[in-house]
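Visitor: Predicted model and sequence follow; I will ask about them next.
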Amino acid sequence: MKARAPNFIVFMTDQQRADHLGCYGNRMVRTPHIDHLAAQGVRFENFFVSCPICQPNRAALATGQMISVNGCRQNGIPLGLDSTTYADVLRGHGYRTGLVGKAHFQNVSNIPARERKPRGRGVVPAGDQTLARRNQRDTADYSQEVRGSWAADPKRELKLPYYGFDHVRLCVGHGDQVEGHYTQWLLDRLNGAADPRGREQALADENELAPQIWRTAVPVDLYPTSYVGEEACAFLKDTDEQPFLLVVSFPDPHHPFTPPGHYFDMYDPAEMKLPPNFEHSIRSRTDLPATVRKSYETGDKNPDAYWPFHGDADLIRRMIALNYGTITMIDDWVGRIMETLASNGKQQDTVICFMSDHGDYMGDYGTVLKHGVHSLGLIRVPFIWLDPQDDRTGINNTYASAIDFAPTLLQRAGIQVPIGMQGQDVLAPDAMDLPVLIEDPGMEVYSDPEADSSIRTLIHQGWRMSVFEGSQLGELYNLQEDPFELTNLWAHPEAQTRKAEFFELMVHRQIALRDKSLLATNQA
């Protein structure tokens, strides 16, 4: 008799570092339900992003391709509608596919990017010949997630299937400033009462005003995390016997830090521990190029935006405490969703995955948020895999990254990996312990699209090397001896052999990750 196709639930958080879970060694944050998943399944110790930014890494997870291949190399470039996602493949094999929460496959802002112009001498090429690739993903079909559009019309709908998902309930935004399908749900629940979202509607708080922090007036049961949880449970209550894929994508714990109700006060900032590299401020580092340091200078001038910025010890402790509050609220909903799954008798047929799209500095180098250097807090993320039909448990030390997720899931479903997907099934008996390559356009491209600000990082065998475009400066860390990345060995004489080895490894890994998705039509 043919084995039943497995169901999949993929829990995804936004901007959560690996060590902000109990199962990853954090003794402060309370995450019993997620920890239980890890105890029953496999916890990956060395799982990394392919890009430490939301939209590109979500594209890498969906397609199994590096961002230089799928084209979504930075926030502001949608994932191509001609891309094949793991959801597309499962749907093609009879799966009921659902996504509730944050998608971020397309742009969420309609702020126009800086114009780019042809270079060199002579006349300007005619029409769309100014572009080396004419399909620029700029049609109406690529503006379905724009936050302002959902605010203006909460009843608008997506064109389905959406990147392989037949059932979608969107959250667009973070903290208590979320739009999408959530907007109409919230308005229906308010039943004419005033909209409680945002800093302007915030409740009084005894603490001083701070960037990225306010005490939300949105009650616990109306907060976006609760919406995502309710929609996930509703999907699971469907009695359809089709195998299913459900992505439960929480917008938290991404900034701004606005956990609702009792979650806001759940953790005492005075008890929060700062990372050992907190005093190792970016401001004092001369081993980083100006393009990297500028990320933090921009954030320091406008800490309520999206760029990394420095904070004093009290501010960082408050942010960590609130971050933990949002994580515990997510954990509570993970428990409720798992209860719903069990009540429907589908737990033994369902593979559970827990992951995040990228991390957060959360005090590393005295900073918070993302962009800039590739510290472990930013690039190392949780990855938990619980398969009731597989008795493997414990820690998996294989080096893996976002591009490995789609092939791993598809192989578990018994489906071959599409041509051009670049990752591997990291749970296969013959899985290779390959170096992890991370691509990052650098923050400068958001103000100057021609900026030479790219960063490439290689992680392997307990070492990290980061190379900065156009600079002789770089980073090299022995993570086994220096897990908090306090001593940059880039220029140390005794580390030059290791650096040369890593440059060679990086070249070979970049060659191996070339695009193979376009098929030859003839042998010659």
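Guide: Looks like it arrived, so ask away. Numbers count the residues shown, from 1 in each chain.
Visitor: Summarise which helices and strands whatever helix or strand Y227 lives in is packed against.
Guide: Using DSSP states H and E, the secondary-structure element containing Y227 is helix 224-236. With contacts defined as 3 or more C-beta pairs under 8 Å, 6 or more residues apart in numbering; DSSP states H and E, the secondary structure elements packing on helix 224-236 are strand 96-101, strand 167-170, helix 181-190, strand 244-249, helix 313-343. (Each C-beta comes from the backbone N, C-alpha and C, glycine too.)
Visitor: what lines up beside the shortest one in the sheet?
Guide: If you go by DSSP bridges, strand 167-170 pairs up with strand 96-101 (parallel).
Visitor: what do you get for the fourth one?
Guide: Each strand that strand 244-249 pairs with, and the sense of that pairing, follows from DSSP bridges: strand 7-13 (parallel), strand 96-101 (parallel).
Visitor: Just want the most central residue of this structure.
Guide: When the chain is reduced to its mean C-alpha position, the nearest residue by C-alpha atoms, centre = their mean turns out to be D357, at 1.5 Å.
Visitor: count of residues packed around the nearest residue to M66 once chain neighbours are set aside?
Guide: Nearest non-adjacent residue to M66, counting by C-beta to C-beta, 6 or more residues apart in numbering: L513, 5.3 Å away. Other residues within reach of L513 by the criterion other C-beta atoms under 10 Å amount to 19.
Visitor: For Q389, see how far away L513 is.
Guide: Shown here: L513 relative to Q389, a distance of 31 Å by C-beta to C-beta, to the nearest Å.
Visitor: related to what we said a few turns ago, tell me the angle the helix holding Y227 makes with strand 96-101.
Guide: An angle of 170 degrees separates the directions of helix 224-236 and strand 96-101 when computed by axes from the mean of the first three to the mean of the last three C-alpha atoms, to 10 degrees.
Visitor: what about V467, is that helix, strand or coil?
Guide: strand (DSSP: H, G, I helix; E, B strand; the rest coil).
Visitor: List the contacts of it.
Guide: Contacts here follow C-beta atoms under 8 Å, 6 or more residues apart in numbering; on that basis V467 touches I455, R456, T457, G474, F503, M506.
Visitor: Roughly how far does Y162 sit from E231?
Guide: 15 Å.
Visitor: which residues touch the lowest-mean-pLDDT helix or strand in the chain?
Guide: Of all regular secondary-structure elements in the chain, judged by mean pLDDT, DSSP states H and E, the least confident is helix 290-301 with a mean of 90. Outside of helix 290-301, the residues within contact range by C-beta under 8 Å, 6+ apart are 282-283, 285, 305, 307-310, 367, 369, 371-373, 442-444, 451-453, 455, 468-471.
Visitor: which parts of it are buried?
Guide: Under the neighbour-count criterion of 16 or more other C-beta atoms under 10 Å, helix 290-301 has T291, V292, R293, K294, S295, Y296, T298, G299, D300 buried.
Visitor: which one among those gets closest to P112?
Guide: Using C-beta to C-beta, T298 comes nearest to P112 of the buried residues of helix 290-301, at 19.0 Å.
Visitor: Tell me where the protein has helices.
Guide: Per DSSP state H, the chain carries helices over the ranges 32-40, 54-63, 67-70, 86-92, 147-152, 181-190, 224-236, 290-301, 313-343, 376-379, 405-412, 496-512.
Visitor: these two touch, right, Q177 and P196?
Guide: No - with contact defined as C-beta atoms under 8 Å, Q177 does not count as touching P196 (11.3 Å).
Visitor: which intervals of the protein have sub-threshold pLDDT?
Guide: Scanning the chain for pLDDT under 70 picks out the ranges 1-2.
Visitor: ok, now which ones touch R58?
Guide: Each residue near R58 by C-beta under 8 Å, 6+ apart is listed here: L79, A103, H104, F105, D357.
Visitor: give me phi/psi at the third one?
Guide: Yep, that's H104 we're talking about. Dihedral angles of H104 (phi, psi; degrees, to the nearest 10) stand at phi 50, psi 40.
Visitor: how about it, what does it touch?
Guide: H104 sits in contact with C54, Q55, R58, E145, D357, where contact means C-beta under 8 Å, 6+ apart.
Visitor: mind checking how far it is from P56?
Guide: The gap separating H104 from P56 is 10 Å, by C-beta to C-beta.
Visitor: Just give the number of residues close to A402.
Guide: Residues lying near A402 (other C-beta under 10 Å) number 31.
Visitor: Show the contacting residues for it.
Guide: Residues F48, V49, S50, C51, N57, A60, L61, G423 are the ones in contact with A402 under the rule C-beta under 8 Å, 6+ apart.
Visitor: Identify the farthest-apart pair in the residues you listed.
Guide: The most widely separated members of the contacts of A402, counting by C-beta to C-beta, are C51 and G423 (13.7 Å).
Visitor: Between these two, point out the one with more neighbours.
Guide: Between C51 and G423, counted using other C-beta under 10 Å, C51 has the larger neighbour count: 29 against 24.
Visitor: my guess is that one meets N57, correct?
Guide: Yes - counting by C-beta under 8 Å, C51 touches N57, with 4.8 Å between them.
Visitor: isn't V368 right next to F309, touching?
Guide: Yes - with contact defined as C-beta under 8 Å, V368 counts as touching F309 (6.6 Å).
Visitor: Quick check: the gap between F278 and R119.
Guide: According to C-beta to C-beta, F278 and R119 sit 43 Å apart.
Visitor: With neighbour numbers in mind, choose between these two.
Guide: Counting neighbours by other C-beta under 10 Å for F278 and for R119 shows that F278 has the greater number, 19 against 6.
Visitor: Does the more buried one touch R317 like I think?
Guide: No - F278 is beyond contact range of R317, at 10.1 Å (criterion: C-beta under 8 Å).
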